[in-house]
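Peer 1: predicted structure and sequence below. I'll ask about it afterward.
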Number of protein chains: 2
Amino acid sequence: MSHTQSLTRYTASFIDELVQAGITDMVVSPGSRSTPMAILMAEHPSINLYMNVDERSAGFFALGLAKASKNPVVLLCTSGTAAANYFPAIVEANLSRVPLIVLTADRPHELRNVGAPQAIDQIHLFGSHVKWFNEMALPENDESMISYVKAAANRAVGAAKSNPSGPVHLNFPFREPLIPDLSGEVFESVNGTDKKSMPPKVMNGSLHLDDTQLDELFSIFSEHEKGIIVCGPMDAAAGPIIELAERLGYPVLPDPLSQLRSCSEDVNQEILLEGYDAFLRTEAVKQELKPDVVLRLGAMPVSKSAMLFMKNLKSAQHVVVDSGSGWRDPSHISTTMVYSDENSFCQSLIKRAGDEKRNTGWLKMWKEINSITIKNMSQIELAEDMDEGKVFFEMANNLPENSGIFVGNSMPIRDIDSFFFNNKKNIHVMANRGANGIDGVVSSALGASAHIHPMHLVIGDLSFFHDMNGLLAANMNKLNLTIIILNNNGGGIFSYLPQAEKAPHFELLFGTPTNLDFKHTAALYGADYILAENWDDFNSALINHAENDGLKIIEVQTNREKNVQVHRELWNTVSREIEDYLKGDK
Amino acid sequence: MSHTQSLTRYTASFIDELVQAGITDMVVSPGSRSTPMAILMAEHPSINLYMNVDERSAGFFALGLAKASKNPVVLLCTSGTAAANYFPAIVEANLSRVPLIVLTADRPHELRNVGAPQAIDQIHLFGSHVKWFNEMALPENDESMISYVKAAANRAVGAAKSNPSGPVHLNFPFREPLIPDLSGEVFESVNGTDKKSMPPKVMNGSLHLDDTQLDELFSIFSEHEKGIIVCGPMDAAAGPIIELAERLGYPVLPDPLSQLRSCSEDVNQEILLEGYDAFLRTEAVKQELKPDVVLRLGAMPVSKSAMLFMKNLKSAQHVVVDSGSGWRDPSHISTTMVYSDENSFCQSLIKRAGDEKRNTGWLKMWKEINSITIKNMSQIELAEDMDEGKVFFEMANNLPENSGIFVGNSMPIRDIDSFFFNNKKNIHVMANRGANGIDGVVSSALGASAHIHPMHLVIGDLSFFHDMNGLLAANMNKLNLTIIILNNNGGGIFSYLPQAEKAPHFELLFGTPTNLDFKHTAALYGADYILAENWDDFNSALINHAENDGLKIIEVQTNREKNVQVHRELWNTVSREIEDYLKGDK
């Protein structure tokens, strides 16, 4: 019994301590070696336990939960390749700074590397892609080992949350028998038996600049009227950024994942110019609107035209603000790399800028060009055929306030960049933009759906295919999600790349049509399914689904070539109208 | 044009050299950064190119191809999480010694770790789970760099094949533009332009013992009449093993993956005792049949009763023969670890043993116990209900010669161990027994189906679910496979573990019923589908399918509890009859 007592108390102490440290969501995949952890998680009254059979999907599901809840999520699987299946989600979590606590059960040391079943080398399994790896001790019951395992729980939560957030990995060897003893009250926090135990709490600080550093930065902004603020994917508060932009007279270019395009009622969005991806394609604009200062916050924006625009500003000051310690500068153009909490950074500069808003011709011209752009891009409304871009236009119109939209990589993220205009609906827009993979997106959206209602996923057919297994979690965990599949039967994004025109073997290697009829997928997972053949179908399904529970799929069949053509025509119109404006302006 | 010329010649030289080194099968997943490799592979006249959209499935598909062809297979994907999806298959390939050459395209150095899209840290991405990692140079066109890249191709093939075989990983940075120029004749082996180039060929030796070592070993076997030979999963030739067994008078316990149970006509299988998993559960047998010597070849056998039997032979000599350099001894019982090619090892000992077969009471008793066992286990034939074990009994009866059976982990591998008896049909039995994962099995079987006809997969419902995405490759690459799903709606194997009786939250954490109706999966992938409700259905579908092309699914719905009960009853009968035999014998 001593073995079982040690197993139970050690494991329960660890799990209970995770809960004490604020963790509530745990995602478990079935397996044998992980039995003590799994049973104790299921037994704990404060844990939301989600089951997910496919560990790859489980990893991305946890990622979505953590993104939406802004809190670390625990993953648990058994030993062997199960753990290796987490790898894509871990890589994504590390790059997109999402806190995960990955627990892998393992064989004890004597069964490693000796041909025992389901034993793989799990030491540093995820290499450089986790923030912290710890090989845990075998369960023991003496007080110092209980203190040790409680400290490890707190340390794991602290490490996952500390800026930049990310995944940590703890490997737990367990010996048989694996069943814990639940006959007593196993969780100290629940039965309150162990008041003497004082496990270490972790307090993570955030980065702040000192006055000298802030003065130096402020002088750059005060000296130059021609500046812009580029906001990539981030979770920083909108208020201070907009206030700083107004004081400096710098227009803000808000990435769809900056959470600035869809605000609550009391936010003034006038200085947020969401049409930049279209208007920065125009040569005349790039010539006319050359800033002397670029202030960039958040991760890299999705817009390629914005990237190219910034890259060609050879003599501009380029200030990158990063609340973690990354190096977000793929074009090698930064002149100052600022490691500071965004909020504190903005507040400190606002104080220095005083109460006056800077109103300049510079700002006015940017705003007018954006107005022309949005007016023209809004013509997507008139598209009668099923167009990928119009999907987002319609969603912005029809979704209720506080909805969520998860967008797939490849085309959907680009389409939402083009066609999701400023609004006051407080719609939360999410995507996996760490490594920009097409994998795991269904699961991430399902994870997010546990915290954001109603939740929607807009995804291409290849990306949907890649993570169809993720759909099982919907029924298993009673989740609600509307999935809009933009089905162009294959790799739509490649039609925008040089490969489309020049590559031999294009359809074989890049187009890769799957010819799958997703109504069968819907039937397999018991999802409501509609093939939206016109916009009335689409909108009524959208509105209907937001009010109903369960898994719902709206398929929109589009044409790769036509999609490219429609978008190019819109960009050309924008370009012509802006050129006319700029000529008239001179 | 210099960039494109370098890109083309460097990449073409590498691919052409892989072909020169004997590689023909290459598995490609769509992506942009990998464009130069993919296009040149598609262009090469001697390459069988397989497309597979989901990289996780692609990895296991390549594993199946390599297992069946006994030749390294090339994998290619783009940068980012795509590569991380290979991880489970790579872990499996490393443990099961299957040669893979993993090529990942990467961003060039200036785009790494600076927030560029689809850029992850791919250096040593697979850690300790590959035999060799090489970060390649950017494409260049001068002769020394062409020699370098050709050498790398030969080295990769050599390293993947050298004993123990396994995966190697080469990471290729590519700069844009990525389209190679196919206007000239790009492959030297095809156009014969470069006779002067003499890239290094690799000749891998194999391990052989010297005479002193062999004499020492032989003395162990000649001194002891009571010995057994345990053959785990392996690809060694049957002839020398059987001949050695006959000379030594040692019965052979052949794992279903030893390829000994299903031989060609001219092999005498009398000394191969395939019922050991059942009869070694009987206490009386374990007392009576205590060998002084155990000679073990191949990987660890699947049978748990055989493992426990060997573990309890405290005073036996335990000789483990390994053609690679592993340590296949999870029970820590080996007394001699022999690193030698199995064939050479057997031949050398046969020479020492002379022409006489050793006929002992020891061997006779083993044979008789096996006969009693097989007679009783064959009663599975009478099972009227759909039973998982009977599936293999029927398959052995009904499959044509030279068929293939791929078995899933968890229950199918254990059922084939119990119910696949010696036969002369030369049926090739395969499974992923490196890490024993339930992942990737569908893809591995599809890969194998490219080389073995007709091919069958027997798989549980959870394992089938885990890799349903793998099914897309069937249509995309015009493959033929019959899948038999043993559907007990969840994790059947857990019903055999202690968790089944004692674990709280059993159904939630271990049973995990998915409630999926796989006829929808069949419809999605255009597979023929039948739910076999009786044995006539099953057998006629089996026979019909072996004669027809395409993807075919036979679903067999079984009951977890009943399955356990039927098997326990059979084992009990075996046990009783053997006890009677042993009493009578004394």
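Peer 2: Structure's in. What do you need? Numbering: from 1, shown residues only, chains lettered A, B, ... in the order given.

Peer 1: contacts, neighbours, all on C-alpha from now
Peer 2: Fine.

Peer 1: ramachandran angles for the nearest residue to A:S147 once chain neighbours are set aside?
Peer 2: Sequence neighbours aside, A:P199 is the residue nearest to A:S147 in space, at 6.6 Å (criterion: C-alpha to C-alpha, 6 or more residues apart in numbering or on different chains). When read as degrees, to the nearest 10, the backbone of A:P199 gives phi -60, psi 150.

Peer 1: go ahead and confirm A:P199 touches A:V149.
Peer 2: No. With contacts counted by C-alpha atoms under 8 Å, A:P199 stays clear of A:V149, the gap being 9.4 Å.

Peer 1: so what touches the host helix or strand of A:F538?
Peer 2: Taking DSSP states H and E as the definition, one finds A:F538 inside helix A:535-546. Contacts to helix A:535-546, defined as C-alpha atoms under 8 Å, 6 or more residues apart in numbering or on different chains, come from residues A:384, A:386, A:394-395, A:398-400, A:454-455, A:482, A:530, A:532, A:552, A:554.

Peer 1: and it, how far out from the chain's middle?
Peer 2: 26 Å (C-alpha atoms, centre = their mean, to the nearest Å).

Peer 1: which element follows that helix toward the C-terminus?
Peer 2: Immediately after helix A:535-546, counting by DSSP H and E, sits strand A:551-557.

Peer 1: residue numbers of the stretch 451-586 of chain A in contact with chain B?
Peer 2: A:462, A:465-466, A:468-469, A:472, A:476, A:494, A:499, A:502-505, A:508-510, A:512, A:514, A:516-518, A:520-521, A:523-525 (C-alpha under 8 Å from any C-alpha of the partner chain).

Peer 1: got a PyMOL select line for the buried ones in those?
Peer 2: Command for PyMOL that selects the buried part of those, burial taken from 16 or more other C-alpha atoms under 10 Å in any protein chain shown:
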select buried, chain A and resi 462+465+466+468+469+472+476+494+499+503+504+505+508+509+510+512+514+516+518+520+521+523+524+525
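
Peer 1: run a quick neighbour tally on A:N423.
Peer 2: Per other C-alpha atoms under 10 Å in any protein chain shown, the neighbour tally for A:N423 reads 17.

Peer 1: these two touch, right, it and A:C263?
Peer 2: Yes. With contact defined as C-alpha under 8 Å, A:N423 counts as touching A:C263 (6.4 Å).

Peer 1: the stretch 1-150 of chain A: helices as residue ranges?
Peer 2: A:2-20, A:35-43, A:55-69, A:81-84, A:87-96, A:143-161 (DSSP state H, counting those that start in this stretch).

Peer 1: now those helices in a markdown table, with mean pLDDT and distance to B:D536?
Peer 2: A markdown table is the format used below for the helices of the stretch 1-150 of chain A (pLDDT from 0 to 100; distance: least, C-alpha to C-alpha, whole Å):
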| stretch | mean pLDDT | distance to B:D536 |
| --- | --- | --- |
| helix A:2-20 | 97 | 49 |
| helix A:35-43 | 97 | 40 |
| helix A:55-69 | 98 | 37 |
| helix A:81-84 | 98 | 37 |
| helix A:87-96 | 98 | 44 |
| helix A:143-161 | 97 | 57 |
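
Peer 1: tell me which of the ones you listed lies nearest to B:M37.
Peer 2: Evaluated with C-alpha to C-alpha, the helices of the stretch 1-150 of chain A place helix A:87-96 nearest to B:M37, the distance being 22.7 Å.

Peer 1: give me the helices and strands touching that closest one, please.
Peer 2: Under the contact criterion of 3 or more C-alpha pairs under 8 Å, 6 or more residues apart in numbering or on different chains; DSSP states H and E, helix A:87-96 touches helix A:55-69, strand A:167-173, helix B:81-84.

Peer 1: make it 6 Å
Peer 2: Contacts defined by 3 or more C-alpha pairs under 6 Å, 6 or more residues apart in numbering or on different chains; DSSP states H and E place helix A:87-96 against helix B:81-84.

Peer 1: what ranges of chain A fall below the confidence cut-off?
Peer 2: A:1, A:192-196, A:491-502, A:585-586 (pLDDT under 70).

Peer 1: how many neighbours does the residue nearest to A:S147 have?
Peer 2: 17.

Peer 1: so what's A:F393 up against?
Peer 2: By C-alpha atoms under 6 Å, 6 or more residues apart in numbering or on different chains, the contact set of A:F393 is A:F419, A:F420.

Peer 1: just how off-centre is the helix or strand hosting it within its chain?
Peer 2: Following DSSP H and E, the helix or strand that holds A:F393 is helix A:388-398. Centre-to-centre, helix A:388-398 and its host chain are 20 Å apart (C-alpha atoms, centre = their mean).

Peer 1: list the buried ones in that helix?
Peer 2: A:E388, A:G389, A:K390, A:V391, A:F392, A:F393, A:E394, A:M395, A:A396.

Peer 1: for those residues, give me JSON lines that also has distance to B:L253.
Peer 2: What follows is the buried residues of helix A:388-398, written out as JSON lines (distance: C-alpha to C-alpha, whole Å):
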{"residue": "A:E388", "distance to B:L253": "62"}
{"residue": "A:G389", "distance to B:L253": "64"}
{"residue": "A:K390", "distance to B:L253": "66"}
{"residue": "A:V391", "distance to B:L253": "63"}
{"residue": "A:F392", "distance to B:L253": "64"}
{"residue": "A:F393", "distance to B:L253": "68"}
{"residue": "A:E394", "distance to B:L253": "67"}
{"residue": "A:M395", "distance to B:L253": "65"}
{"residue": "A:A396", "distance to B:L253": "68"}
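
Peer 1: with adjacent residues omitted, what lies nearest to the residue in the stretch 401-550 of chain A positioned nearest to chain B?
Peer 2: Scanning the stretch 401-550 of chain A for the residue nearest chain B gives A:A435, at 4.5 Å (criterion: C-alpha to the nearest C-alpha). Distances taken as C-alpha to C-alpha, 6+ apart place B:Q118 nearest to A:A435, at 4.5 Å, with adjacent residues excluded.

Peer 1: residues in contact with the closest residue to A:L63 other than its chain neighbours?
Peer 2: Closest residue in space to A:L63, ignoring its immediate chain neighbours: A:S444 at 5.9 Å, by C-alpha to C-alpha, 6+ apart. Neighbour list for A:S444: A:F60, A:F61, A:L63, A:G64 [criterion: C-alpha under 6 Å, 6+ apart].

Peer 1: ok, the residues you listed vs chain B, which is closest?
Peer 2: Among the contacts of A:S444, and counting by C-alpha to the nearest C-alpha, the member closest to chain B is A:F60, at 11.8 Å.

Peer 1: shouldn't that closest one be in contact with A:S443?
Peer 2: Yes. Contact criterion C-alpha atoms under 6 Å: A:F60 and A:S443 qualify, at 5.4 Å.

Peer 1: this completes my enquiry, with thanks.
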